[in-house]
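*Asks:* Provided below for reference: sequence and predicted model.
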Amino acid sequence: MTEFLFASIPSPRSWKTEFLAIVGSGIFVSLFLLVFQPYGTADFVSEDKTLFLMGYGGIIVIIFYSIKILAMPLIRFIPSCQNWTIAKQISALVSLIVLTSLAWYAYWGWYFNAPLTLPGWGRFFLLSFSVTVFPFLAVLAALYIAWLQWQHGTEGGQENSESQQAIPATLRLQGLGEGEVVHLKANQLLFVRAARNYVEVWYHNAGSVNQVLLRSSLQEIANQLPGNLAQRCHRSYLVNPQRIAAILSRGRTVFARLDVNSPLIPISRKNHAHFRQLKPTAH
């Protein structure tokens, strides 16, 4: 479970998929309230009752998409949010649910001309959470399925995909900033390490080990490299398996030692077996 929570988001969804997910959440909330009419909703009669109940779904769409448009572009500049994990995604969803419950409570108070109080919002939050928990669980399940598929693709199918991919003679790595481009020969690449809101690209050139910073995420760099040249060995590292000289075991910790004088590369437990197949383990 810890490995799942602190794993990077496997792959970014398209804006169309995210838009449909947000609208789907709003439609679900509206239909849930219209069909089941829980929490005393069935007891009041009004000509515009249907529109009132549908308004709750509209509010969740407006809030979720407004946060997506306005807040998310700013989050990438916060260092701790550069490597976006599933745990951070869940925390963000919980925060959105709290914000939505506040908006729903204000909407309810406006419609019934009722005073708004903190204890009243507390009770309202418990009721609203029981409705929004279903879309929340659906998103969590989707993240877990995507993570399992990503794990299968990076571990189970790693050997097959690697053998089929041709290695280009020259690599081109593009950062997020304008003009952030690095050109390397394929055999120069050593490893890539996540460094807050940057990545460090380590390479070997003219007998020395060098590094360059790119404003990017590890996953974005991985997408630009062939799998047989940059394998995920740790949640913060990509390593070029062709530059691995040996696998070192230090108690329960396993490292990859490269064929040049560079830092040791940690290998996460789930990847031990795969990398030990590549090189013998030295003690």
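*Replies:* Yep, that arrived.
*Asks:* so residue 23 makes contact with residue 64?
*Replies:* No. Under the criterion of CB atoms under 8 Å, residue 23 lies out of contact with residue 64, with a separation of 9.2 Å. To be clear about C-beta, it is placed using only N, CA and C from the backbone, and glycine gets the same treatment.
*Asks:* you'd agree residue 115 is in a strand?
*Replies:* No. Looking at residue 115 with DSSP: H, G, I helix; E, B strand; the rest coil, it is coil, so not inside a strand.
*Asks:* okay, now it: neighbour count?
*Replies:* 7 (other CB atoms under 10 Å).
*Asks:* could you measure it against residue 105, distance?
*Replies:* To residue 105, residue 115 is 11 Å away according to CB to CB, to the nearest Å.
*Asks:* Between residue 23 and residue 64, which has more neighbouring residues?
*Replies:* A direct count of neighbours by other CB under 10 Å for residue 23 and residue 64 places residue 64 higher, at 23 against 15.
*Asks:* Now do the strand or helix carrying the more buried one: which elements does it pack against?
*Replies:* When secondary structure is defined by DSSP states H and E, residue 64 falls within helix 49-70. Helix 49-70 makes packing contacts with helix 15-36, helix 86-112 when contacts are defined by 3 or more CB pairs under 8 Å, 6 or more residues apart in numbering; DSSP states H and E.
*Asks:* Give me the mean pLDDT for stretch 62-78.
*Replies:* Mean per-residue pLDDT for stretch 62-78: 69.
*Asks:* now do stretch 117-133
*Replies:* Stretch 117-133 comes out at a mean pLDDT of 87.
*Asks:* got it, and stretch 202-213?
*Replies:* Confidence for stretch 202-213, expressed as mean pLDDT, is 91.
*Asks:* Touching that stretch from outside, list them.
*Replies:* Contacts to stretch 202-213, defined as CB atoms under 8 Å, 6 or more residues apart in numbering, come from residues 182, 184, 188-193, 195, 198-201, 243, 260-263.
*Asks:* So which of those residues are in strands?
*Replies:* 182, 184, 189-193, 195, 198-201 (DSSP state E).
*Asks:* and those as CSV, adding distance to residue 235 and neighbour count?
*Replies:* As requested, the ones in strands among the contacts of stretch 202-213 are arranged in CSV below (distance: CB to CB, whole Å; neighbours: other CB atoms under 10 Å):
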residue, distance to residue 235, neighbour count
182, 22, 16
184, 23, 17
189, 19, 23
190, 18, 26
191, 14, 24
192, 12, 26
193, 11, 20
195, 13, 16
198, 16, 19
199, 13, 27
200, 15, 14
201, 17, 24
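*Asks:* which two in the residues you listed are spaced the farthest apart?
*Replies:* Of all pairs drawn from the ones in strands among the contacts of stretch 202-213, the one with the largest separation by CB to CB is 184 and 195; the distance is 17.8 Å.
*Asks:* Out of the helices and strands in this protein, which is least certain?
*Replies:* Across the helices and strands of the chain, mean confidence by mean pLDDT, DSSP states H and E is lowest for helix 158-164: a mean of 47.
*Asks:* what angle separates whatever helix or strand comes next after that helix from strand 181-185?
*Replies:* Proceeding C-terminally, helix 158-164 gives way to strand 170-174 as the next helix or strand, assigned by DSSP H and E. Orientation note: strand 170-174 sits at an angle of 160 degrees relative to strand 181-185 (axes from the mean of the first three to the mean of the last three CA atoms, to 10 degrees).
*Asks:* Which strands border strand 170-174, and is each parallel or antiparallel?
*Replies:* Using DSSP bridges, the neighbouring strands of strand 170-174 in the sheet come out as strand 181-185 (antiparallel).
*Asks:* quick one: average confidence on the strand it pairs with?
*Replies:* The average pLDDT for strand 181-185 rounds to 91.
*Asks:* try stretch 91-101
*Replies:* The average of the pLDDT scores along stretch 91-101 is 86.
*Asks:* same thing with stretch 264-279?
*Replies:* For stretch 264-279, mean pLDDT rounds to 86.
*Asks:* Give me the distance between the two termini of that stretch.
*Replies:* 15 Å (CA to CA, to the nearest Å).
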